[in-house]
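*Asks:* Task: produce atomic coordinates for the following.
(one chain, ligands or ions: 1)
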Amino acid sequence: MNLEILEKMIKIDFDNLFLQDTANGVQKDDFTIKSEIIGEYLNKIHDRKQGFYKTIDNKEIIDEINQYHEEIEGKYDDIVVLGIGGSALGTICLKQSLKYIHEDMLCSEKGPKLHVLDNIDPDLIGQIDGAIDYEKTLFIVISKSGGTVETLSQFFYFRKKFEDKNLDFTKNFVFVTDAKVGHLREIADTEGVKSFVVPDNVGGRFSVLTSVGLLPARLIGIDIEALIKGAQKMRDVFLTEDFEQNLPFKIAYAQYLLAKKNKNITVLMPYSQRLIRFADWHIQLLAESIGKAKNDNGEIVNIGLTPVKALGVTDQHSQNQLFNEGPNDKFFIFVEVLKHKNEIEIPGYGLEGLEYLEGVTFNKLMNTELKAAIYSLTQNNRPNIKISVSEINEEIMGGLFMLFEASIAFLGELFEINAFNQPGVELTKKLAKDFLKNE
Ligand code: PA5
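*Replies:* The predicted structure follows:
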């Protein structure tokens with residue numbers, strides 16, 4: 001059973017939901033639900049006809065990406081992703097968690113460098129412009145709709161650069177977009193640009209495990225088969241009707257019960273520099289999926305949970321004061337990494353009173369500080385859970401993406417809202433276009 005294998009990689013400790021202070025914690029007896037009810041929620045999710053947990057079985061996507069990788073291997077020094085929101089955040093996370101831990105640290109590994117331009121700040125565009133050799137750069141333009149103005153503008157800009165240099169842009173561009181509709185699809189078909197498809201039943205923020213995230217990941221040497229394998233294991237857990245086993249449901253249910261106790265903020269706090277971009281990815285997933293004006297019956301509910309990101313241990317010296325003593329309106333999800341890639345010992349200095357540091361590793365210091373953070377919050381009656389991952393690798397990242405995507409799907413059903421649309425985002429997109437047309 002996948003659950004047993006998965007348990008060795010991803011475990012969750014829910015004990016600190018059950019606080020002595022019942023006004024702020026969850027009652028142990030309340031934190032369970034019959035299998036039939038989980039089955040009903042799963043049926044509701046199936047009825048929404050979403051593909052995020054199904055496309056991971058499509059082997060053709062992987063084959064197509066691997067084939068493309070073989071064709072272009074060694075040709076490019078830089079890869080620039082043009083995309084925003086769900087078309088960028090997963091890739092940024094994959095890059096940081098599995099490749100370059102820190103943006104400004106040089107990557108010692110061979111292969112192209114990946115830059116994700118998820119903003120239209122002219123200084124950002126100007127800097128990339130000055131830093132790349134166009135002939136040795138591959139642009140991946142990612143837009144599910146093919147009509148997002150930020151991404152199209154970037155594409156127009158960089159395409160013109162090729163024209164100015166008398167270069168054939170189609171050799172250096174690849175699109176990831178809808179199979180049938182949108183400007184990018186039209187350009188791909190009429191001008192002969194290589195393209196990959198975003199399945200139409202997978203929304204932007206759920207698309208990291210489609211070509212949207214898998215293509216750039218593969219091109220910088222990430223093992224995408226392992227990513228998918230981890231996601232499949234977690235998907236099987238998501239589809240189990242047993243409360244104890246269904247980790248995505250348990251997280252959603254904790255959030256749901258705590259929202260009733262005025263905990264409308266979810267803090268995701270990984271104790272890992274590699275995972276801070278995962279928290280950014282999670283911000284979009286939670287905010288855009290659950291922040292909704294209307295419920296399934298069309299009634300105004302203005303539901304939503306506000307996501308907050310925090311980094312262990314850095315934020316222990318920043319937001320931690322607020323977390324411990326400020327308003328008790330938050331639910332904390334900690335992420336602990338049991339084995340980092342490096343094990344580094346802190347040398348002793350012979351100073352009196354600091355003997356406790358001798359022989360301690362940074363690894364131990366980090367996880368001990370996590371323990372202290374959890375203890376203090378629990379003592380202060382702040383409900384929290386801890387996800388422990390054995391290490392950070394492709395399989396575990398695939399599992400984590402699926403854990404949270406599946407959990408959000410359940411949360412939508414618990415709140416009786418559609419977690420898969422984004423009318424607020426669409427409204428702003430439309431207004432920006434209208435303003436430009438009329439100015
Ligand atoms: O999750 C979403 O649907 C949005 O955040 C989109 O990802 C974002 O607006 C970009 O859209 P597109 O991929 O169509 O360019």
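*Asks:* Is there contact, residue-wise, from stretch 116-133 to the ligand?
*Replies:* No - in terms of C-beta under 6 Å from any ligand atom, no part of stretch 116-133 sits within range of the ligand; the closest distance is 9.4 Å. C-beta here means a position set from N, CA and C on the backbone, and glycine is covered the same way.
*Asks:* Can you give me every residue that contacts Leu268?
*Replies:* Leu268 is in contact with Phe278, Ala279, His282, Ile283, Pro307, Val308, Lys309, Ala310, Ile333, Val335, counting by C-beta atoms under 8 Å, 6 or more residues apart in numbering.
*Asks:* Apply 7 Å and report the result again.
*Replies:* Ala279, His282, Pro307, Lys309, Ile333 (C-beta atoms under 7 Å, 6 or more residues apart in numbering).
*Asks:* Tell me, how many residues neighbour Ile37?
*Replies:* 12 (other C-beta atoms under 10 Å).
*Asks:* So which elements touch the helix or strand hosting it?
*Replies:* Per DSSP states H and E: Ile37 is located in helix 35-47. Using 3 or more C-beta pairs under 7 Å, 6 or more residues apart in numbering; DSSP states H and E as the contact definition, the elements that helix 35-47 packs against are helix 394-414.
*Asks:* what's the following helix or strand after the helix it packs on?
*Replies:* Where DSSP H and E defines the elements, the next helix or strand beyond helix 394-414 is helix 423-438.
*Asks:* Excluding chain neighbours, what is closest to the residue in the stretch 201-350 of the chain that the ligand sits nearest to?
*Replies:* Nearest to the ligand, among the residues of the stretch 201-350 of the chain, is Gly204, at 2.3 Å (C-beta to the nearest ligand atom). Spatial nearest neighbour of Gly204, chain neighbours left out: Gly86 (2.5 Å); criterion: C-beta to C-beta, 6 or more residues apart in numbering.
*Asks:* I'd like to know which helix or strand in this protein has the lowest mean pLDDT.
*Replies:* helix 2-9 (a mean of 70; mean pLDDT, DSSP states H and E).
*Asks:* The very next helix or strand once past it pairs with which strands, and in what direction?
*Replies:* As assigned by DSSP H and E, the chain's next helix or strand after helix 2-9 is strand 10-13. Strand 10-13 has the following strand partners under DSSP bridges: strand 384-389 (antiparallel).
*Asks:* List every C-alpha atom in the partner strand, with coordinates, as PDB.
*Replies:* Extracted C-alpha coordinates of strand 384-389, given in PDB (Å, rounded to 0.1, in the frame of the first residue of the first chain):
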ATOM      1  CA  ASN A 384      -0.500  23.800  15.000                       C
ATOM      2  CA  ILE A 385       0.500  20.700  13.100                       C
ATOM      3  CA  LYS A 386       3.900  19.500  12.000                       C
ATOM      4  CA  ILE A 387       4.700  17.900   8.600                       C
ATOM      5  CA  SER A 388       8.000  15.900   8.800                       C
ATOM      6  CA  VAL A 389       9.700  15.000   5.500                       C
END
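*Asks:* Which positions in the protein make contact with the ligand?
*Replies:* Residues of the chain lying near the ligand (C-beta under 6 Å from any ligand atom): 84-87, 143-145, 148, 151, 203-205, 288, 422, 425.
*Asks:* Can you tell me the closest non-neighbouring residue to the residue in the stretch 301-439 of the chain positioned nearest to the ligand?
*Replies:* Ranking the residues of the stretch 301-439 of the chain by distance to the ligand (C-beta to the nearest ligand atom) places Gln422 first, at 5.1 Å. Nearest non-adjacent residue to Gln422, counting by C-beta to C-beta, 6+ apart: Glu288, 5.1 Å away.
*Asks:* give the contact list for that neighbour.
*Replies:* Here Glu288 is in contact with Arg205, Gln422, Val425 (C-beta under 7 Å, 6+ apart).
*Asks:* Helix or strand next in line after the helix or strand harbouring it, which one?
*Replies:* Here Glu288, judged by DSSP H and E, is contained in helix 276-290. As assigned by DSSP H and E, the chain's next helix or strand after helix 276-290 is strand 292-294.
*Asks:* out of the residues of the chain next to the ligand, which are inside helices?
*Replies:* Judged by DSSP state H, helices contain the following of the residues of the chain next to the ligand: Thr151, Glu288, Val425.
*Asks:* separation between the most centrally placed residue in the chain and Ser87?
*Replies:* In the chain, the centroid-proximal residue (C-alpha atoms, centre = their mean) is Trp281; its distance is 3.2 Å. To Ser87, Trp281 is 12 Å away according to C-beta to C-beta, to the nearest Å.
*Asks:* what comes up buried for stretch 215-229?
*Replies:* Leu215, Pro216, Ala217, Arg218, Leu219, Ile220, Ile222, Ile224, Ala226, Leu227, Ile228, Lys229 (16 or more other C-beta atoms under 10 Å).
*Asks:* Who's the closest spatial neighbour of the last one, skipping the chain neighbours?
*Replies:* Just to be clear, that refers to Lys229. The shortest distance from Lys229 to any non-neighbouring residue, by C-beta to C-beta, 6+ apart, is to Glu395 (5.6 Å).
*Asks:* how about the strands in the stretch 51-200 of the chain?
*Replies:* Here the stretch 51-200 of the chain has its strands, by DSSP state E, counting those that start in this stretch, at 78-82, 113-117, 137-143, 173-177, 194-197.
*Asks:* Using a markdown table, please lay out those together with mean neighbour count.
*Replies:* A markdown table is the format used below for the strands of the stretch 51-200 of the chain (neighbours: other C-beta atoms under 10 Å):
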| stretch | mean neighbour count |
| --- | --- |
| strand 78-82 | 24 |
| strand 113-117 | 21 |
| strand 137-143 | 26 |
| strand 173-177 | 26 |
| strand 194-197 | 18 |
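*Asks:* Let's have these in CSV, adding mean pLDDT.
*Replies:* Compiled in CSV, the strands of the stretch 51-200 of the chain are given as follows (pLDDT from 0 to 100):
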stretch, mean pLDDT
strand 78-82, 97
strand 113-117, 94
strand 137-143, 98
strand 173-177, 98
strand 194-197, 98
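*Asks:* now the nearest residue to Gln273 once chain neighbours are set aside: how far from the ligand?
*Replies:* In space, and not counting its chain neighbours, Gln273 is closest to Ile101: 5.6 Å by C-beta to C-beta, 6+ apart. In this view, Ile101 and the ligand are 25 Å apart by C-beta to the nearest ligand atom, to the nearest Å.
*Asks:* Hmm, Ile101 is touching Arg274, no?
*Replies:* Yes - counting by C-beta atoms under 7 Å, Arg274 is a contact partner of Ile101 at 5.4 Å.
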